[in-house]
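> Fold the following, please.
(one chain, ligands or ions: 2)
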Amino acid sequence: MSDSMPCVLTIAGSDSGGGAGIQADIKSFQERDVFGTSVITAITAQNTCGVQGVYPVEAKAVQQQLQSVGEDFFISAVKTGMLFNTDTIALVANAISEYRWKNIVVDPVMVSTSGHILLEEEAIDTLKTKLFPLARIVTPNIPEAEHLTGLKIEKDIDILKAAERILSMGVKSVLIKGGHKKDEYVEDVYVDEKGVCIRFSSKRIDTKNTHGTGCTFSAVLTAELGKRNNIDEALMTSKRYIQSAIENVISLGHGHGPTNHGAYRKKGIKERIISVQETIDLFHNGDS
Ligand SMILES: Nc1ncnc2c1ncn2[C@@H]1O[C@H](COP(=O)(O)OP(=O)(O)O)[C@@H](O)[C@H]1O
Ligand SMILES: Cc1ncc(COP(=O)(O)O)c(N)n1
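Ligands and ions are numbered 1, 2, ... in the order given. Okay, the predicted model is just below:
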């Protein structure tokens, strides 16, 4: 191991079932060869069948964790996941400014796959106003993009409209993930402030084992940005990683099982992705 291993940070909730949250993030960091640090915002009692309890960590403890990490490590990228309430969001935004953290990936986690609230409704505005302007990229799924924008996403054009509205909240770029649609291909659509649009498309895997896919995707993205990769390369790696992790299922639990983190690294697994289409100057050409 090189002594200059990039060091990244996840600020998220703990999932006792190990499939999502901090646990998914640290596994992803390890797989992508970055050193993972963490700030835990909430403890969830959770398994593949659902969330049985949510226990937010008190503000003082969140603040101290941010300080412990911020004062000791050079952090090259940060991801935020489950933040749960307004106080935590404000503390995180302050720490990002104080420690001058860059490459901020905001996964606007709101509700678990099983339907449990992971972000208080009143905190959504704070997320938009305090955290989004600091973000390198925000990665909502379709229901989250709808909730953030108030738009209904049905057709392709709706995704672009939602992306444009999220960009107007001050983020540099947005990736709207397509896992919740039903099409044959799962398309994640990236749009940035310059009007560049890239679509990452892969064959939909027919499975119920998608617990933690969003956390894993954004953690891999954070690791790749922390290694100074360009955003398009970082997104491509994240899409390939998640495709392998869903495809090579490990059967655990009785509900929505977790993904297989080792799959992408293991030899013999074909990279069966991925068509990428790029449109430059999307908005400027009037296509939106
Ligand atoms: N059934 C699936 N087959 C292939 N890829 C999927 C599938 N479901 C989700 N993904 C991928 O997993 C990532 C997370 O997507 P999504 O499920 O939309 O987010 P979230 O986990 O935040 O709800 C995205 O990159 C998406 O393309
Ligand atoms: C601590 C924590 N963070 C995030 C999620 C979202 O993951 P999913 O959408 O797969 O339930 C979760 N269930 N738990």
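
> from memory P258 sits against K208, does it?
No - using Cβ atoms under 8 Å, P258 is not in contact with K208, being 11.5 Å away. Heads up, the C-betas are built off the backbone N, CA and C, glycines and all.

> the more surrounded of the two?
Neighbour count, other Cβ atoms under 10 Å: between P258 and K208, P258 has more, with 27 against 11.

> Identify the residues contacting D87.
A59, V62 (Cβ atoms under 8 Å, 6 or more residues apart in numbering).

> let's go with 6 Å and repeat that
A59 (Cβ atoms under 6 Å, 6 or more residues apart in numbering).

> distance of it from K182?
Applying Cβ to Cβ, to the nearest Å, the value for D87 to K182 is 38 Å.

> and the stretch 101-250 of the chain, which residues reach ligand 2?
Proximity of the stretch 101-250 of the chain to ligand 2 (Cβ under 6 Å from any ligand atom) is limited to residues V109, S112, T113, L118, H211, G212, G214, C215.

> And those residues, which is closest to G18?
Distance to G18, by Cβ to Cβ, is smallest for G212 among those, at 8.4 Å.

> Surely the closest one and G19 touch.
Yes - assessed by Cβ atoms under 6 Å, G212 is found in contact with G19 at 4.0 Å.

> Pull the distance from stretch 226-245 to the chain's centre.
Centre-to-centre, stretch 226-245 and its host chain are 12 Å apart (Cα atoms, centre = their mean, to the nearest Å).

> related to what we said a few turns ago, and G212 and G19? Which one has more around it.
The neighbour count for G212 versus G19, taken as other Cβ under 10 Å, is higher for G212 (30 against 27).

> before we move on, the earlier item: tell me, what's touching G212 and G19 both at once?
By Cβ under 6 Å, 6+ apart, the residues touching both G212 and G19 are P258.

> sorry, back to before: and ligand 1, which of the residues of the stretch 101-250 of the chain next to ligand 2 reach it?
G214.

> In a markdown table: the residues of the stretch 101-250 of the chain next to ligand 2, plus distance to I153, secondary structure and pLDDT.
As requested, these are exported to a markdown table (distance: Cβ to Cβ, whole Å; DSSP: H, G, I helix; E, B strand; the rest coil; pLDDT from 0 to 100):
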| residue | distance to I153 | secondary structure | pLDDT |
| --- | --- | --- | --- |
| V109 | 18 | coil | 97 |
| S112 | 20 | coil | 89 |
| T113 | 18 | coil | 82 |
| L118 | 20 | coil | 95 |
| H211 | 22 | strand | 93 |
| G212 | 22 | coil | 96 |
| G214 | 16 | helix | 97 |
| C215 | 21 | helix | 98 |
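
> which one of the residues of the stretch 101-250 of the chain next to ligand 2 sits closest to D158?
Closest to D158, out of all of those and judged by Cβ to Cβ, is G214, at 19.6 Å.

> Now do the helices in the stretch 1-150 of the chain.
21-31, 59-72, 86-98, 124-126, 142-149 (DSSP state H, counting those that start in this stretch).

> Relative to ligand 1, which of these is closest?
helix 142-149 (6.4 Å; Cβ to the nearest ligand atom).
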